[in-house]
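Student: what's the 3D shape of this:
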Amino acid sequence: MAENEVPLLEKKKVYYDNCPGCVQELKNERSKGMPYRDFLRVWIITLCTGLPIASLFPFLYFMIRDLKVAKREEDIGFYAGFVGAAFMFGRALTSTIWGLLADRYGRKPVIIIGIIAVIIFNTLFGFSINYWMAIATRFLLGALNGLLGPIKAYSIEVCNKEYQALALSLVSTAWAIGLIVGPAVGGYLSQPAEKYPSIFSEQSIFGRFPYALPCLFISLFAVAVLISSIWLPETLHNHTANGKVENLEASPETKTITNEIEVLPPKQNLLKNWPLMSSILVYCIFSLHDMAYTEVFSLWAESDRKFGGLSFTSQDVGQVLAIAGFSLLTYQLFIYPRFEKQMGPIISARICAVLTIPLLFGYPFMTYLSGSMLSIVVNCATVLKNILSVTIITGTFILQNNAVPQDQRGAANGISMTAMSLFKAIAPAAAGIIFSWAQKRQHAFFFPGDQMVFFLLNLVELIGLILTFKPFLGVPGE
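Tutor: Have a look, this model is predicted:
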């Protein structure tokens, strides 16, 4: 009997003329292939906002030294941590607001404002003349750059459902590459008068401001991205005028609208959406780990061997991170989509978290290597570490965006960015303090020197791994 029942009313999908979201959604339905142009826009915008976040880490050690705020060499990590934390603290205060604005006024305005913030405040940071100017410009860069949440929502709104995992992987890839290539740019282009004296003299502007060139380079890239964003299509649905639902006769680009009124379901309280909130917390734990690792790696690699470091220059660190960035791009484009399709976002995140722990335990022992063997081991370890990290982060992106409807993705990603930014604001400050403390205990019995730093990084990774299991992690639809 139940098999022969016919629905009394079949729900028809309605498209509204002059609604950018409807136009984009209909375009997605009619399109059979991958939206390469839209994906390219998403990729370069995300890269633009990711580049300045970690570009300072290769030269931050030397910048703090030159600003003469640290009285002892062992204290440089302490002061560097607060500069690294300023960006994330600023973003933590405003991410939810930017998400709400993206749901109210559209993704595009928020994206453009974020790019403009990169152009202005990243440039000013490179010309910092004292410690507090460096902190202030990084704080404002974070507070006014709220586009990461909206761009994640945007990425899955410009494609069919079958490409949404790839869309989010492109965001996480561009973000991860920005966090790797940014430091590579910082490593190669900082202190140009010392590295390239035949091109830049000590009396030139880049001789007087040795950390301005990498910031200016990234800002010029942001200008190009800003110009290309003029043609960015809006994807937010807008069906209301004066508080009422419109019934419009559609243009040839959309379907004809009949005299029906679309009944919009009540919005769910996002804070009571456990699949969303649990995936955000897991995302925050792994983000804290990644941000702390990013800061620690540069400080550890550039510190003297007598303190357990590798005595790398900023250029050496930049080269290692550049190789990792290009390897990551290859992985994300050709390997990750198949891996995620076979394993799913949760299982793949668990596998990568398990593999990260023994990898990090091996880092402190690299100080016993030298020459080409050290270079090979550091590069291989860095490539593998970043591949594991981006797989985990992409999986949490997918879980978050699947947990909410389209009209709440901006707000959901805003909450995610706020929480993640708080964790990432804590990460560099805590990492800098712990790193400075660890360098003073080289002969301790329990995890001496930098072994303690990597032990604590693994402890955070283990907590994140545990939280990917039930009953903590809620899965949408279950």
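
Student: which residues touch residue 41?
Tutor: With contact set as CB atoms under 8 Å, 6 or more residues apart in numbering, residue 41 has these partners: 228, 229, 232. Where C-beta positions appear, they are placed from N, C-alpha and C, glycine not excepted.

Student: so where's the protein uncertain?
Tutor: Where the chain drops to pLDDT under 70, the residues are 1-13, 240-267, 406-407, 476-478.

Student: which stretches of the stretch 351-478 of the chain form helices?
Tutor: 371-402, 409-438, 450-466 (DSSP state H, counting those that start in this stretch).

Student: for the last one, which helices and strands make contact with it?
Tutor: With contacts defined as 3 or more CB pairs under 8 Å, 6 or more residues apart in numbering; DSSP states H and E, helix 450-466 has these neighbours: helix 274-302, helix 336-361, helix 409-438.

Student: any idea how far the last one is from the chain center?
Tutor: When you say that, I think you mean helix 409-438. Distance, stretch centre to chain centre, for helix 409-438: 11 Å (CA atoms, centre = their mean, to the nearest Å).

Student: what residues of it count as buried?
Tutor: Burial within helix 409-438, assessed by neighbour count using 16 or more other CB atoms under 10 Å, is assigned to 409-432, 434-436, 438.

Student: next: the first one.
Tutor: Taking 16+ other CB under 10 Å as the neighbour-count basis, helix 274-302 is seen to contain the buried residues 275-302.

Student: that one packs against which elements?
Tutor: Secondary-structure packing of helix 274-302 (3+ CB pairs under 8 Å, 6+ apart): helix 57-66, helix 76-105, helix 164-189, helix 314-334, helix 336-361, helix 371-402, helix 409-438, helix 450-466.

Student: is it possible to export those to TSV including distance to residue 132?
Tutor: Shown next, in TSV, are the helices and strands packed on helix 274-302 (distance: least, CB to CB, whole Å):
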stretch	distance to residue 132
helix 57-66	13
helix 76-105	10
helix 164-189	21
helix 314-334	23
helix 336-361	34
helix 371-402	32
helix 409-438	16
helix 450-466	27
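
Student: ok so, going back, nearest to residue 60, of the helices of the stretch 351-478 of the chain?
Tutor: The closest approach between residue 60 and any of these, judged by CB to CB, belongs to helix 409-438 at 9.3 Å.

Student: thinking again about what came up before, got the helices of the stretch 351-478 of the chain as TSV, with distance to residue 29 columns?
Tutor: Listed next are the helices of the stretch 351-478 of the chain as TSV, based on distance: least, CB to CB, whole Å:
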stretch	distance to residue 29
helix 371-402	19
helix 409-438	19
helix 450-466	37
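
Student: wait, what's in contact with the nearest residue to residue 301 once chain neighbours are set aside?
Tutor: Distances taken as CB to CB, 6 or more residues apart in numbering place residue 312 nearest to residue 301, at 4.3 Å, with adjacent residues excluded. By CB under 8 Å, 6+ apart, the contact list for residue 312 reads 301, 302, 320.

Student: what are the phi and psi angles of residue 312?
Tutor: Main-chain dihedrals, residue 312, degrees, to the nearest 10: phi -80, psi 150.

Student: how close does it get to residue 109?
Tutor: For residue 312, the distance to residue 109 equals 42 Å [CB to CB, to the nearest Å].

Student: same question for residue 138.
Tutor: For residue 138, the distance to residue 109 - CB to CB - is 24 Å.

Student: neighbour-wise, which of the two wins?
Tutor: In this view residue 138 and residue 109 are compared by other CB atoms under 10 Å, and residue 138 has more residues nearby, 27 against 15.

Student: coming back round to it: out of the helices and strands packed on helix 274-302, the one nearest residue 239 is which?
Tutor: Among these, the nearest to residue 239 by CB to CB is helix 76-105 (13.5 Å).

Student: next, the angle helix 76-105 makes with the helix or strand that comes right after the closest one.
Tutor: Where DSSP states H and E defines the elements, the next helix or strand beyond helix 76-105 is helix 107-126. Going by axes from the mean of the first three to the mean of the last three CA atoms, to 10 degrees, helix 107-126 is angled at 160 degrees with respect to helix 76-105.

Student: just the buried positions in the following helix or strand past helix 107-126, please.
Tutor: Counting by DSSP H and E, the element after helix 107-126 in chain order, helix or strand, is helix 131-144. By neighbour count on 16+ other CB under 10 Å, the buried set for helix 131-144 is 131, 134, 135, 136, 137, 138, 139, 140, 141, 142, 143, 144.

Student: sorry, back to before: just the buried residues of the contacts of residue 41.
Tutor: Among these, those scoring as buried are 229, 232 (criterion: 16+ other CB under 10 Å).

Student: return the subset of the contacts of residue 41 lying in helices.
Tutor: residue 228 (DSSP state H).

Student: let me know the closest of the contacts of residue 41 to residue 166.
Tutor: Using CB to CB, those come closest to residue 166 at residue 232, 19.2 Å.

Student: if we can go back for a sec, and which of the buried residues of helix 131-144 is nearest residue 52?
Tutor: Closest to residue 52 out of these is residue 141 (6.6 Å), distances taken as CB to CB.

Student: that closest one contacts residue 123, doesn't it?
Tutor: No - using CB atoms under 8 Å, residue 141 makes no contact with residue 123, being 9.9 Å away.

Student: fine by me, we can end here.
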